[in-house]
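> Show me how the following folds:
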Amino acid sequence: MAQGTVQVTHTGTSRWRRRTGEYASLAAALEAAGDGDVLTVAPGTYRENLVVMRAVTLRGPEGSPGSVRIAPVDGVPLTVRASATVQDLHVEGQDSAAPALLVEEGAPELIDVRVVTRSASGIEVRGGARPTVRRCTVDNPGGIGIAVLDGGGGVFEECEVVAAGQAGVAVRGGAHPRLERCRVHHASGSGISATGEHSGLEAVGCEVYEIKGSGVQITGRATAHLTDCDVHRTTADGVTLDTDAVLTLADCRIHDIPENAVDLRSRSVLTLTRSTVRQFGRNGLSVWDPGTRVDANQCEIHDSTGDYPAVWVSDGATAVLDACRVHDVPDALFVLDRGSRVDVVDSDLSQVRNTAVSVSDGATAQLDDCRIREAATGAWFRDHGSGGTLANCTVDAIQTGVIVTKGADPTIERCTVTAPAEAGFYVSAGGRGSFHGCRVTGSDGYGFHVIDGCRTTLKKCRTERCSRGGYEFAEDGPIVEECTSDESGGIRPGATSTPQPVVQTQTAPQTVGLLSRVPDQPVQQAQEAPEPPSRTSTAVLGELDTLVGLESVKREVRALTDMIEVGRRRQEAGLKAASVRRHLVFTGSPGTGKTTVARLYGEILASLGVLEKGHLVEVSRVDLVGEHIGSTAIRTQEAFQRAHGGVLFIDEAYALSPEDSGRDFGREAIDTLVKLMEDQRDAVVVIVAGYTAEMERFLSVNPGVASRFSRTITFSDYVPEELLRIVEQQADEHEYRLGSGTSEALLKYFTAIPKGPAFGNGRTARQTFESMVERHAGRVAQVSEPSTDDLTLLYVDDLPELP
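Take a look at the predicted model:
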């Protein structure tokens, strides 16, 4: 068959044999062909606008994909209006107002067609057409990749949109296609878009990525159902729902998103099942407006790359999380505004840098049978009208289990807080709340700490092994009934109780710094334990000297201490003292001792009379930057107030001024910070800390901040020998010894361990020791009668594997 000719083979009865032959143009061949005929097109470029009106097969030659080009100067290159088969063609269009391949009627098959064009759309399906499109590729940097419009439908199998100047796949006007195992990428609009009432789509096993916009956008009453799909590497939100949109995501993965992984508003509804959301720059789920709702079941949300809550529910929206996991995020769940509500059932919230659950501005949270662990705060009910219920929840390894402030009034039932660093339950500033059957064990601070005369109700609660006391109440404190403790300390006067004993102790009643109350005995005021005497600067500097490494840091702190001490003595002698700015910048990697040195620095300044208390208040961006205009200044002022007389330590301070700040409220925090540092320069010392390069950028773009700091102290990474010394210190402190060859093995281990961004310096050394102790325990537990050496010696085999 000659190039540039078309061969038509008739498969019908003999009376149609006259149509078999070769034709000089495609249009002539199509005119001659009847239903069932096969048109085999010779290689070449055809400048024709083709219209397929019959159920024929139009194909290129076998074994020569891409050799047949349909490329007219303008108009629609190929229009299909019948249940035809089109295979192995290369379609090119140049008309920005028309599609390159238009399917208007019938149920045709498009197989292995490549559309390379700069048209309004690459493939367009309209009206009652229901094509089956297999292994087709669309490259259309001038418009939409695939458009299904005006009631159109069809199935797209293993198709790929390799470039689109607008949406990769656009569905509107009541259309409803199905996509199976398709890939959509390098689109300059949404990856997949459905809009308009009765419009919808189904996608199974598809991938949407490298999108300059949202990955999936469902709006205007449209519906969609995605199963086993991946959405990643977008420039905007991963998935966007707006205006009564309905979307179901099942077994999907949304990740590597710089903005919100999923954002829905205006009465939209999302059902999320067995899906994963990870590595997002803002919120994992962002839910806004009355009537908007998310139902998530068996989902995982984790590894935030920004400083925003993983789940954000506001303006009257609702979210339900059932059997979900949220972890490795700045904050897990923020619900705010009256009418907003979250219901969380049988879910895990863990490894949260700040607050696991935050409820504010009149919102409601209901948590049942949930587990919260490794967070700064388990749950915080912040202000008037905010409330809800925590029932049968456990809170472990946190700073404070539950905080109730400013008129909030939640109900906490049968919840257990284990090993809090500060308090199990803390109520202040007019907070209320009812605590029924709750338990606190192993607190480094108090079990229940209620101050400011808050009228909290405690019933049948219990505390065990709380270092500072099971119960600490202010005057005119809470209403307490049938609460117990394994300690003698329990209730300060002012708590109101029923005739039952307020604290039933398991030991003989006695007074140890707090008041104990037992049946039929009058309440007696206990003697207050005296405040422990503050240490001298020499003693604190002595502790500084015991820290491993940090030689340059020690020199800097001593030099600063000497300047302050000599200045104080010159003033006492009636001489002028040099002005010493006490605010500092700490730079270096995590785990290099910045927080420890900040705490010691505060103690030194207190011992020298520079600060009233010298205590350390540690905050980060989330503690200073609010969600609304004006709230940031309030938060920053509150942080300064807590630090009054001590040190305000701002970790990762560079996060207040992100490189792509836009309308970020961090700028407001910085401005407030600069003003307060001036207004309260004698009452609060500020230390900002973070990675060296990021802090240099932060100070360079904020000269007003930089001018307030006297010096920068750099904390170098620990060398292997110093990491070994930390392990040796840990071993001595916990009564272990390093066996023969273990020190040498540790040196090799710390030399070989990767020193990337995740390297924890001193934290890595401590974790290594803890892993060795765990492996040692597993080994010794098998020995029936272990000796003292068995119980104390750590050997080379106890070292963990290199990460």
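
> OK, contacts around the nearest residue in space to residue 449 that is not next to it in sequence?
Counting by Cβ to Cβ, 6 or more residues apart in numbering, residue 423 is the residue found nearest to residue 449 once chain neighbours are left out, at 4.3 Å. For glycine as for every other residue, the C-beta is placed from the backbone atoms N, C-alpha and C. For residue 423, the contact set (Cβ atoms under 8 Å, 6 or more residues apart in numbering) comprises 400-401, 443, 445-449.

> and the least confident of these?
Among the contacts of residue 423, residue 445 carries the lowest pLDDT, at 87.

> For residue 639, see how far away that one is.
Taking Cβ to Cβ, to the nearest Å as the measure, residue 445 falls 20 Å from residue 639.

> rewinding a little: mind listing the residues bridging to the residue nearest to residue 449?
Under DSSP bridges, the beta-bridge partners of residue 423 are residue 400, residue 446.

> and the closest residue to residue 483 other than its chain neighbours, how many neighbours does it have?
Nearest residue to residue 483, sequence neighbours excluded (Cβ to Cβ, 6+ apart): residue 461, at 4.5 Å. If you count neighbours by other Cβ atoms under 10 Å, residue 461 ends up with 25.

> same check, this time on residue 208
Residue 208: 31 neighbours (other Cβ under 10 Å).

> per-residue confidence at residue 584?
The model reports residue 584 with a pLDDT of 86.

> That one and residue 616: what is the separation?
Taking Cβ to Cβ, one finds residue 584 at 13 Å from residue 616.

> Have a look at those two and say which one is more surrounded.
Legend: neighbour count by other Cβ under 10 Å for residue 584 and residue 616, higher for residue 584 (23 against 20).

> Next, the contact list for that one, please.
By Cβ under 8 Å, 6+ apart, the contact set of residue 584 is 560, 601, 685, 687-688, 709-713.

> Tell me what it is bridged to.
The partner list for residue 584 in beta bridges (DSSP bridges) reads residue 687, residue 711.

> Could you measure from it over to residue 279?
From residue 584 to residue 279 the distance is 34 Å (Cβ to Cβ).

> picking up where we left off before, need the contacts of residue 423 in JSON lines with distance to residue 246 and neighbour count, can you?
Output for these, formatted as JSON lines (distance: Cβ to Cβ, whole Å; neighbours: other Cβ atoms under 10 Å):
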{"residue": "400", "distance to residue 246": "40", "neighbour count": "25"}
{"residue": "401", "distance to residue 246": "38", "neighbour count": "33"}
{"residue": "443", "distance to residue 246": "46", "neighbour count": "28"}
{"residue": "445", "distance to residue 246": "48", "neighbour count": "19"}
{"residue": "446", "distance to residue 246": "48", "neighbour count": "26"}
{"residue": "447", "distance to residue 246": "47", "neighbour count": "33"}
{"residue": "448", "distance to residue 246": "45", "neighbour count": "33"}
{"residue": "449", "distance to residue 246": "46", "neighbour count": "24"}
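
> Distance to residue 258 added to those residues, as a markdown table?
Listed next are the contacts of residue 423 as a markdown table, based on distance: Cβ to Cβ, whole Å:
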| residue | distance to residue 258 |
| --- | --- |
| 400 | 32 |
| 401 | 34 |
| 443 | 40 |
| 445 | 39 |
| 446 | 42 |
| 447 | 43 |
| 448 | 43 |
| 449 | 40 |
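
> Can you tell me which of the residues you listed is nearest residue 104?
The closest of those to residue 104 turns out to be residue 401 (Cβ to Cβ; 64.5 Å).

> correct me, but that closest one touches residue 375?
No - here residue 401 lies out of contact with residue 375, judged by Cβ atoms under 8 Å, at a distance of 9.4 Å.

> start to end distance for stretch 424-435?
12 Å (Cα to Cα, to the nearest Å).

> Now that stretch: average pLDDT?
90.

> can you list contacts of it?
For stretch 424-435, contacts defined as Cβ under 8 Å, 6+ apart pick out 381, 395, 400-412, 417, 438, 440, 443, 446-452, 454-459, 461, 463, 466, 478.

> Got a quick ChimeraX command for the buried subset of those?
Per 16 or more other Cβ atoms under 10 Å, the buried members of the contacts of stretch 424-435 correspond to this ChimeraX selection:
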select :381,395,400,401,402,403,404,405,406,407,408,409,410,412,417,438,440,443,446,447,448,449,450,454,455,456,457,458,459,461,463,466,478
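
> and the longest helix belonging to the chain, C-alpha only, in PDB?
Secondary structure of the chain per DSSP state H: the longest helix is helix 551-572. Output of helix 551-572 as PDB, limited to C-alpha atoms (Å, rounded to 0.1, in the frame of the first residue of the first chain):
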ATOM      1  CA  GLU A 551      33.500  24.200  75.400                       C
ATOM      2  CA  SER A 552      32.900  27.300  73.300                       C
ATOM      3  CA  VAL A 553      29.400  27.700  74.800                       C
ATOM      4  CA  LYS A 554      30.700  27.500  78.300                       C
ATOM      5  CA  ARG A 555      33.300  30.200  77.600                       C
ATOM      6  CA  GLU A 556      30.600  32.400  76.100                       C
ATOM      7  CA  VAL A 557      28.300  32.000  79.100                       C
ATOM      8  CA  ARG A 558      31.100  32.500  81.600                       C
ATOM      9  CA  ALA A 559      32.200  35.700  79.800                       C
ATOM     10  CA  LEU A 560      28.600  37.000  79.800                       C
ATOM     11  CA  THR A 561      28.300  36.100  83.500                       C
ATOM     12  CA  ASP A 562      31.500  37.800  84.400                       C
ATOM     13  CA  MET A 563      30.400  41.000  82.600                       C
ATOM     14  CA  ILE A 564      27.100  41.000  84.500                       C
ATOM     15  CA  GLU A 565      28.700  40.300  87.800                       C
ATOM     16  CA  VAL A 566      31.400  43.000  87.400                       C
ATOM     17  CA  GLY A 567      28.800  45.500  86.200                       C
ATOM     18  CA  ARG A 568      26.800  44.800  89.400                       C
ATOM     19  CA  ARG A 569      29.800  45.300  91.600                       C
ATOM     20  CA  ARG A 570      30.700  48.600  89.800                       C
ATOM     21  CA  GLN A 571      27.200  49.900  90.400                       C
ATOM     22  CA  GLU A 572      27.500  48.900  94.100                       C
END
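
> Residues contacting that helix, please?
Residues contacting helix 551-572 (Cβ under 8 Å, 6+ apart): 537, 541, 544-545, 547, 576-578, 580, 582, 584, 593, 597, 600-601, 604-605, 608-610, 710-711, 713-716.

> Now that helix: buried residues?
Residues of helix 551-572 classed as buried: 553-554, 556-557, 560-561, 563-565, 567 (neighbour count, 16+ other Cβ under 10 Å).

> can you put these in TSV and add distance to residue 340 and pLDDT?
Output for the buried residues of helix 551-572, formatted as TSV (distance: Cβ to Cβ, whole Å; pLDDT from 0 to 100):
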residue	distance to residue 340	pLDDT
553	46	79
554	50	80
556	48	79
557	47	80
560	48	78
561	50	80
563	52	80
564	49	78
565	54	79
567	53	78
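
> Pick the one among those closest to residue 256.
Residue 256 has its nearest neighbour among the buried residues of helix 551-572 in residue 553, at 37.3 Å by Cβ to Cβ.

> then the helix or strand that contains residue 623 to CSV, C-alphas only?
Element membership for residue 623 (DSSP states H and E) is helix 621-624. What follows is helix 621-624, C-alpha atoms only, in CSV (Å, rounded to 0.1, in the frame of the first residue of the first chain):
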residue,chain,number,x,y,z
ARG,A,621,5.6,29.2,66.7
VAL,A,622,2.3,27.5,67.5
ASP,A,623,2.3,29.0,71.0
LEU,A,624,2.8,32.6,69.7
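
> Confirm for me that residue 58 is in contact with residue 79.
No - Residue 58 lies out of contact with residue 79 (Cβ under 8 Å); the separation is 11.8 Å.

> Now for these two: what residues contact both?
Listed as contacting both residue 58 and residue 79 by Cβ under 8 Å, 6+ apart are 50, 52.

> Good, we can wrap up now.
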